[in-house]
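> here is a sequence together with a model predicted from it:
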Amino acid sequence: MNILIIGAGRFGKALARVFANAGHSVVIVDKDENKIKGIEDEVSQAVILDSSDEDALTQLALDEFDYVFLCISDISASILTAQILLDSKVKRIYAKASGEVHAKILARLGVHKIIQPEKSSAESLAYNVMLGTEEFVELLRKKNFLIASFQVPPEFEGKSIAELDLRRKFGVFVIAVDRKEADLKESSAERKDLLGLDSKTRTEVLPDGNFILLRSDKLTIIGEVSNIEEFRRYVEEAK
């Protein structure tokens with residue numbers, strides 16, 4: 001992907017590093033030369049540029065970028081830059097807001113996505129974009145689907161996913177099972193199919209019908225909102 005990051009503050013640099021380390025082409029710009037220093041060797045290009053200057057900004061061939069991240073805290077400069085980007089028909093604009101008023105103004109301008117750093121880290125935002133998570137979540141919302149996690153109820157213990165037949169009973173599908181590492185058997189045959197999340201938990205992604213559940217497991221399921229709610233009520237009553 002071709003990424004343009006406007007604003008080389010802490011948030012902008014953090015974004016730039018995540019995308020660059022993942023192998024994407026990153027151009028970062030800022031009008032402050034001191035902010036550009038230290039990031040030049042980590043990205044494809046670092047440019048000293050005032051983004052609120054339309055002539056200067058449009059020279060960057062804005063239509064070639066897949067995503068533009070506007071990471072300027074100054075409200076006036078941010079609004080001016082956002083308007084230039086929108087007028088230039090930029091594909092996707094993610095703009096950082098320094099507060100609720102700033103966020104509302106950006107939203108009214110028509111910015112595609114508002115970023116509020118106190119609610120979203122640069123790293124998580126970058127990975128959401130790279131993995132398509134945000135588009136996936138939006139698709140689920142439009143289709144009235146939901147993904148949720150639940151602790152395995154007592155009567156599920158020792159039963160296989162096929163035996164439980166959650167698709168027929170509740171209209172939900174098991175897409176992952178989290179299992180505490182202390183509960184894992186030591187056999188390499190069982191371990192080879194598990195993906196490590198961290199030192200305490202391992203996850204079986206898209207487990208087959210023969211997967212046997214433990215009481216301490218956590219199920220991640222997908223289904224229509226009404227079906228998820230029905231399953232939630234069942235789990236709560238079974239506690």
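On my side now, so go ahead.

> pull the residues that contact the host helix or strand of residue 124.
Using DSSP states H and E, residue 124 sits within helix 122-131. The contact list for helix 122-131, computed with C-beta atoms under 8 Å, 6 or more residues apart in numbering, reads 1, 11, 14-15, 18-19, 22, 24, 67, 94, 115, 133-134. Using the backbone N, CA and C atoms, a C-beta is placed for each residue, glycine as well.

> type out the ChimeraX command that picks the buried ones from those.
Here is the ChimeraX selection string for the buried members of those, based on 16 or more other C-beta atoms under 10 Å:
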select :11,14,15,18,19,24,67,94,115
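
> mind listing what's buried in the helix holding residue 124?
Here helix 122-131 shows 122, 125-126, 128-130 as buried, counting by 16+ other C-beta under 10 Å.

> picking up where we left off before, and the contacts of helix 122-131 as JSON lines, adding secondary structure and pLDDT?
Compiled in JSON lines, the contacts of helix 122-131 are given as follows (DSSP: H, G, I helix; E, B strand; the rest coil; pLDDT from 0 to 100):
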{"residue": "1", "secondary structure": "coil", "pLDDT": "87"}
{"residue": "11", "secondary structure": "helix", "pLDDT": "91"}
{"residue": "14", "secondary structure": "helix", "pLDDT": "91"}
{"residue": "15", "secondary structure": "helix", "pLDDT": "91"}
{"residue": "18", "secondary structure": "helix", "pLDDT": "89"}
{"residue": "19", "secondary structure": "helix", "pLDDT": "91"}
{"residue": "22", "secondary structure": "coil", "pLDDT": "84"}
{"residue": "24", "secondary structure": "coil", "pLDDT": "91"}
{"residue": "67", "secondary structure": "strand", "pLDDT": "93"}
{"residue": "94", "secondary structure": "strand", "pLDDT": "94"}
{"residue": "115", "secondary structure": "strand", "pLDDT": "85"}
{"residue": "133", "secondary structure": "helix", "pLDDT": "59"}
{"residue": "134", "secondary structure": "helix", "pLDDT": "61"}
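
> what sits against the nearest residue to residue 85 once chain neighbours are set aside?
Of all residues not flanking residue 85 in the chain, residue 93 sits nearest, at 5.2 Å (C-beta to C-beta, 6 or more residues apart in numbering). Residues near residue 93 by C-beta under 8 Å, 6+ apart: 68, 70, 82, 85-86, 111-113.

> one more time with 7 Å, if that's ok
Contacts here follow C-beta atoms under 7 Å, 6 or more residues apart in numbering; on that basis residue 93 touches 68, 70, 82, 85-86, 111-112.

> go on, residue 60?
4, 27.

> if I look at the residue nearest to residue 85, how far off is residue 146?
Going from residue 93 to residue 146 by C-beta to C-beta, to the nearest Å gives 28 Å.

> cool, residue 217 as well?
Distance, residue 217 to residue 146, using C-beta to C-beta: 20 Å.

> circling back to that earlier point, per-residue confidence for the residue nearest to residue 85?
If you check residue 93, the pLDDT there is 94.

> who does it bridge with?
Taking DSSP bridges, one obtains residue 68 as the residues bridged to residue 93.

> phi, psi of the closest residue to residue 156 other than its chain neighbours?
Nearest residue to residue 156, sequence neighbours excluded (C-beta to C-beta, 6+ apart): residue 213, at 5.1 Å. In terms of degrees, to the nearest 10, the main-chain angles of residue 213 are phi -90, psi 150.

> burial count for residue 213?
Using other C-beta atoms under 10 Å, residue 213 has 21 other residues around it.

> count of residues packed around residue 220?
Residues within reach of residue 220, counting by other C-beta under 10 Å, total 16.
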